[in-house]
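> kindly generate the corresponding structure for this input.
(2 chains)
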Amino acid sequence: MRPLFFFFFSILICHSPAITQNISYDLSSISEAVKKNASVIKRYENIVFEVTDLDRASLQVHKVITVMNEDGKSALSFSVYTSKFETLEEADVKVFDANGKQLYKFKKKDFILMSFGDGLVDDVKTNVLNVSAATYPVTLEFKYEIRFRGILNYPRYQIMVPGAGVEYSSYTAKVPRNLDLRYKEKNIFLSPTINDDGIYKYYKWVVNGLAPIAFEEGAVNYWNRYPSIFIAPNRFKMDDYVGDMSSWTKFGLWYGELKKGMDVLSEDRTVFFREMVRDAKDENEKLKRVYDYLQKNFRYVSIQLGIGGFKPFPAIFTDQKKYGDCKGLSNYTQAALNAVGIKSYQALINRQYNDEPVDPSFSYNQFNHVILCVPLKKDTIWLECTSNTLSPGKLDITTENKNALLITENGGVLVPTPRSRASENIFESVTHIQLKDDGSGSTMSSINAEGEYKDQMQYVIDEKKDNQKSIIVNYFGFKQPDEFTITKKYGAENLMTSLEMEIEKIPEFVASNKMFINPRIYKLWSQKLPPGESRKLDYYFSFPFIKTDTSIFKIPEGYIMDALPKAKDLKSEYSEYTTSFWYSAAENAIYSTAFLRLNQHKIPAAKYAEVKRFFDDVLMHDQQRIVIKKK
Amino acid sequence: MYKPLVLVFLLVPVFSINTRCQREAGNTNLLIFFKKIKANIKKKKILFLPGLLFFSLSIDAQLFPTFGIISNEEKLLKECPFDKEAEAVYLIHEAVSNYNDNYNLVTDHHIRMKILKEKGIRYADIIIPFFSDDNFESITDVEGLVISYDEKGFRTELKLDRKSIYSKKVTKYHSEVRFALPSVKVGSIIDYKYRSTMRHYGGLEDWNFQEELPVIRSTYLLSIIPNYEFSYLVHKSKMYQAEVKSEPKSGQVYFAMNNIPGLGYEPYMDARKDYLQRVTFKLSGHDNTSSGSGYSSPGSNKTKYSATWQQIIQEMLNENSFGSQLNKSLDGTDDFIKQVKYNSDDVQKIKLVLNYVSNNMSWNYINSRMSPDGIKSAWNKKSGTNGEINLILINLLKAAGLDAHPLLVSERQNGKVNKDYPSVNQFNTVYAFVIVNNKNYYINANDRVTPTGIIPVDILNTTALIVNRKSGVLISITDESLQYKDYINVSAIVTEDGKVKGNVYMSSKDYARAERLKKYRQDKEKYIDENFHKNMPGVLIDSFALQNEQDDSLMLIHRFTFQTALQQTGGYMFLPANLFTGFETNPFVATNRFSNINFGYKQSVSLNAIIQVPPGLVIDALPKPVKLVNEDNTITVTRQIINDEANSKLLVRINIDLKKSLYIVDEYEPLKEIYKKMFVLLNEQIVFKKN
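Numbering: from 1, shown residues only, chains lettered A, B, ... in the order given. Below is the predicted model:
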């Protein structure tokens, strides 16, 4: 998985200045609704965001929170991201005990400055303060200011975070009239009061007494699912690049301007690519050759510099270095395709499997990645230019099911990326097991893997042998082999792997004259889903899939079948599971088959309980045993 | 979806070559040479001495004459001859350290690597860390080349572009120079060099011959600053030859090793450092008859050298950021100390002070043995390094009238202390050491889970130094009576329709208490899930409660109820016998092993279960009574399942005893075998059949 290519920070938890006097630290004043199940309570929050020019703004935050118990201790760690464009001007943090007595205070110099991000090169830092709590509840008061010199994202008003109740919170945005701003409520109905003094416009949102919303595992990012207000500029400026975000079209024009002239190759490289595709029979073939060349010769290196990570390196540079980040590699691929007469578009996207698609009705920058979109005559092909393994036209789970912003000559065009399909992620396995009367045996599995499973199998194949063993045993749940060989058979769209093993003990256990054997020598499904009866948020699987298994147990001389698991046939709106078992007397073999399908990766909260039951049943059913006994 | 795979990869790396480092518990595993080197030259003469290396660009070429020159053998190399699975290999890692006119420590490095597999291409992204605090170190003169050959053997060469070299500040103290070498493919050779300049020889670092990747040739040439004496220690396995040449006249010493396999991480590995083929250095003397020394140790102006542990104790006591930090009065603690003094029980005093410090101080993510900015400042900020927090603890313990001293420790992950080689650098942090009623207390205020009076697991079976003018001494910290101890009691009922429900009462003692509490506090849900849900798919855990969390003199008690449906097949029903013991996945799957297996402590887990069987079910098969014992009797697993038909009850008893905390690498093979047998045995189930 590639790290994200550029980071855009909205301040995760925000707050601001003004009246301090009347903040009560008294817990008894908090209403029961706000307090119930809250590990943290936002007592008071006043955020003032002030824009003075296209590229000048400040954020002042004043916030008081009470951490009720140890579950809320993460709120005691506080961090602010800063970069070339954002600086932390001052900070003042005070800590009070349950009686409102001040324990200690911190200034900006007490913050620890650490570099942030896992890219090879980036310029973002985080300023961290960790407060220790002797006892709970403990109350923290924050005051700080952030200055922006160049601003693309106006700070989001994150009203709620998981597990935290809110007593009072407000956010005021002050913006020159001629610039103005746009906003969109998320998961809350809340209108601002709007004032206008002839020079500035003032937007103010206020909330009171909000009960906490619990954290739920497997949900989308909280900023997409918890109450917040997205706030966006109309016009903005980063370094010398002025842009307009008031529509997707215009935002696309800005990015188009940034990358302008970057997609030019040298004359000889143009000739090189033309030569490469000279005898290709059609556009598809040409594209395949270019993409294949890219995958074999270029590598992904994360370099997050330049206009907050937006401006790609020129194609000539990427061509020399044979490496780049997603912008650089997409830009280069575009240039190479251009050279052979294929038109393509760079496309901005928010890369994360459980992120929501960006909102077509509200142009707002949530992008962290670039891919390439190639509209061919018959079909539209998407290219993930940072991958050395994906087949042309395949995106992965992090960029499917999204809206991508195509950068065209006429500006940005929002286009949905392909949906994840179960039929594209296939794991098909056939295993022959030769069982001996001491319980040992040799096994031979043929595994056909496509889509995400192809990547997984490729990963295994490329590992060192002891790592392979550990993955086979601990991840796929195979019995621990004494000897094994894993070989790649062939692979283009799919990957065939054969796995041969010698296993000391195949049955789960042997008792007197019987052997109790799992229906398969590995685990078809092993993920335990989080509790689900009263789920409020949609659940995200990594990807939809189809898994099939056929296991043929040749049983030893002198043994016969005693009992077989019952066949199962489970169906739900989102999934399907069937198994069957039979005994072939002629071969003295037991056949065990299974089919498991998940139709889509996103499960609506209301349907989650049903899906959770389904997968629990699958786990349970997989625990059944084949029983054989001595004649 | 990729994550589990990556995780597996990180946790269980592996080696194809088993270089059997000899080791006995308590000793360092590697053969060691111990030598002294000294430069018997006066400052003024340096400039005219032949053989010494001076640093200007023109001499660079001579420094690493092979830079950019690839031998035919290197060109043709397709796989590492002694590690055929290696993704990449160091062909050369060589360095030369010398001093300049300002007595700076100047080290030039040259690294040549060949990429052998697709996965190895990532090694072309280079990160060079350095100490940037107070401009102590700088990295300059970075040059890089990528050399590739086409099918016909024609060479292409690409230079690293200076503009593509970045510097990044990582923490207050550290920075990194980073760059990606261009146009790297499988078969490419990357060749790069750089210069590190440190303000003085206090920054002299260990030379590691061994890396995560295999190394074909590793050499280091060190020139010692005049009038100073350094000693060095070569740590190496018997399997390999190391070449050491020293020239006392010029104050130079040269080290070389060939064909060293890579060393990664393994489960229950203690300190990776202990297994590395390496040389360590230490300043051991200073010729005071001459003046004009350029060397001073960091944080003080005094010349520093240690020959005995007693001298180290003296030095530490005189150290501004250590000894001088032991008698400070901390703001606002007077009232608290007064209260503590009312208490007549000294152990109680320790607990009160420890609690006070843990609650008031948070760790700032920096490890240290000393207090660079002073503990008063740390106390006022309520945040400090791990060392500072314990120095604060020592101060308050002393203020409370206890006989407390600093204890320099090398936590298990930091590696073994070599007793014959006195050096403060062997320790990574400081704990508090207190004697009450002839009992030793080892206390780490950052630990928060180890019961007072129990040796913290990180220093169990390690060597530490008590820093005290009168009674300071090197001690071995060990206690045979301590172990990880769980008693699990289960009473359960099986119903005729194939369900099982029951109560669990589990008591955890000593390290079991500490380890469980630590994980529980990190994430309660995850703790319950990983420790109890994982045991039985589909199980419902309810009424979970923890007792004695606060009172560390008692066992930690878990209580919960569970309920699940039994597996059924053709009239058979299955119930696992291995209930909630925590022994579910075998960590020792790898065929090969390079390092010792250090569990940290001895373990004992016992399960007693009473299972009520309904009249409608008969027992079809019971796992046999078994006693599994390894050769030296240090591992025993016993299982007994008694069918008490008269009372319709099954009595299940499982005991798992691991009586040794450390197994040397040579014992891996039998250990792996017995673990495999143990997990097969523990997986066996009770089979019921409908009557």
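> where does the stretch 251-400 of chain B dip in pLDDT?
B:285-306 (pLDDT under 70).
> which ones are touching residue A:482?
A:502, A:503, A:504 (C-beta atoms under 8 Å, 6 or more residues apart in numbering or on different chains). Quick note: C-beta positions are derived from backbone N, CA and C, even for glycine.
> closest to residue A:249 out of these?
The shortest approach to residue A:249 among the contacts of residue A:482 belongs to residue A:503, at 61.3 Å (C-beta to C-beta).
> okay, helices next: where are they in the stretch 401-550 of chain A?
For the stretch 401-550 of chain A, applying DSSP state H, counting those that start in this stretch gives helices covering A:452-462, A:465-474.
> among the contacts of residue A:482, which are in reach of chain B?
residue A:504 (C-beta under 8 Å from any C-beta of the partner chain).
> out of the contacts of residue A:482, which comes closest to chain B?
Nearest to chain B among those, counting by C-beta to the nearest C-beta, is residue A:504 at 7.2 Å.
> turn the helices of the stretch 401-550 of chain A into CSV, columns for mean pLDDT.
Output for those, formatted as CSV (pLDDT from 0 to 100):
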stretch, mean pLDDT
helix A:452-462, 91
helix A:465-474, 90
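> picking up where we left off before, in CSV, list the contacts of residue A:482 along with neighbour count and pLDDT.
CSV is the format used below for the contacts of residue A:482 (neighbours: other C-beta atoms under 10 Å in any protein chain shown; pLDDT from 0 to 100):
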residue, neighbour count, pLDDT
A:502, 13, 96
A:503, 20, 95
A:504, 16, 92
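> circling back: format the helices of the stretch 401-550 of chain A as JSON lines; extra columns: mean neighbour count.
Output for the helices of the stretch 401-550 of chain A, formatted as JSON lines (neighbours: other C-beta atoms under 10 Å in any protein chain shown):
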{"stretch": "helix A:452-462", "mean neighbour count": "21"}
{"stretch": "helix A:465-474", "mean neighbour count": "21"}
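> and residue B:406, what are its phi and psi?
phi -70, psi 150 (degrees, to the nearest 10).
> beta partners of it?
Beta-bridge partners recorded for residue B:406 (DSSP bridges): residue B:432.
> roughly how far apart are it and residue A:410?
71 Å (C-beta to C-beta, to the nearest Å).
> before we move on, what about residue A:531?
Distance from residue A:531 to residue A:410, by C-beta to C-beta: 50 Å.
> who's more crowded, those two?
residue A:531 (14 against 10; other C-beta atoms under 10 Å in any protein chain shown).
> before we move on, which element is the closest residue to the more buried one other than its chain neighbours in?
Take residue A:531 and drop its neighbours on the chain: the residue closest to it by C-beta to C-beta, 6 or more residues apart in numbering or on different chains is residue A:612, 7.5 Å away. When elements are assigned from DSSP states H and E, residue A:612 belongs to helix A:605-621.
> so what touches that helix?
A:524-533, A:535-539, A:565, A:568, A:570, A:572-575, A:577, A:579, A:596, A:603, B:537-538, B:565, B:567.
> now do the helix-or-strand element of chain A with minimal mean pLDDT: which elements does it pack against?
Using mean pLDDT, DSSP states H and E, strand A:121-122 stands out as the lowest-scoring helix or strand of chain A, at a mean of 73. Counting contacts by 3 or more C-beta pairs under 8 Å, 6 or more residues apart in numbering or on different chains; DSSP states H and E, strand A:121-122 packs against strand A:303-304, strand B:165-169.
> residue closest to the middle of chain A?
Geometric centre of chain A, nearest residue: residue A:352, 2.8 Å, by C-alpha atoms, centre = their mean.
> pLDDT score assigned to the closest residue to it other than its chain neighbours?
In space, residue A:352 comes closest to residue A:398 once its chain neighbours are excluded; the distance is 5.8 Å by C-beta to C-beta, 6+ apart. Here the pLDDT value assigned to residue A:398 is 91.
> let me have the helices of the stretch 401-550 of chain A in JSON lines, extended by distance to residue B:460.
Shown next, in JSON lines, are those (distance: least, C-beta to C-beta, whole Å):
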{"stretch": "helix A:452-462", "distance to residue B:460": "37"}
{"stretch": "helix A:465-474", "distance to residue B:460": "28"}
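> what are the bridge partners for residue B:655, then?
Using DSSP bridges, the beta-bridge partners of residue B:655 come out as residue B:606, residue B:638.
> returning to that earlier point: may I see the buried residues of the helix holding residue A:612?
Neighbour counts over helix A:605-621 (16 or more other C-beta atoms under 10 Å in any protein chain shown) mark A:605, A:607, A:608, A:611, A:612, A:614, A:615, A:618, A:619, A:620, A:621 as buried.
> now stretch B:370-382
Applying 16+ other C-beta under 10 Å to stretch B:370-382 flags B:370, B:371, B:372, B:374, B:375, B:376, B:378, B:379, B:381, B:382 as buried.
> which residues of the chain score low on pLDDT?
No chain specified, so I'll use chain A. Ranges of chain A meeting pLDDT under 70: A:1-24, A:116-118, A:134, A:305-308, A:491-492.
> try chain B instead
In chain B, residues with pLDDT under 70: B:1-62, B:285-306.
> what segments of the stretch 501-650 of chain B are helices?
B:510-522, B:524-528.
> between those helices, which one is closest to residue B:600.
Closest among those, using C-beta to C-beta: helix B:510-522, at 7.6 Å.
> please compute how far that closest one lies from its chain's middle.
Chain-centre distance of helix B:510-522: 19 Å, with C-alpha atoms, centre = their mean, to the nearest Å.
> now swap in stretch A:62-69 and tell me
29 Å.
> is chain B contacted by that stretch?
No - judged by C-beta under 8 Å from any C-beta, stretch A:62-69 stays clear of chain B, getting no closer than 11.3 Å.
> and the residue of the stretch 551-691 of chain B found nearest chain A, how many neighbours?
Per C-beta to the nearest C-beta, residue B:570 is where the stretch 551-691 of chain B lies closest to chain A, at 2.7 Å. Using other C-beta under 10 Å, residue B:570 has 16 neighbouring residues.
> that one and residue A:183, how far apart?
Taking C-beta to C-beta, one finds residue B:570 at 64 Å from residue A:183.
> same check on residue B:224?
68 Å.
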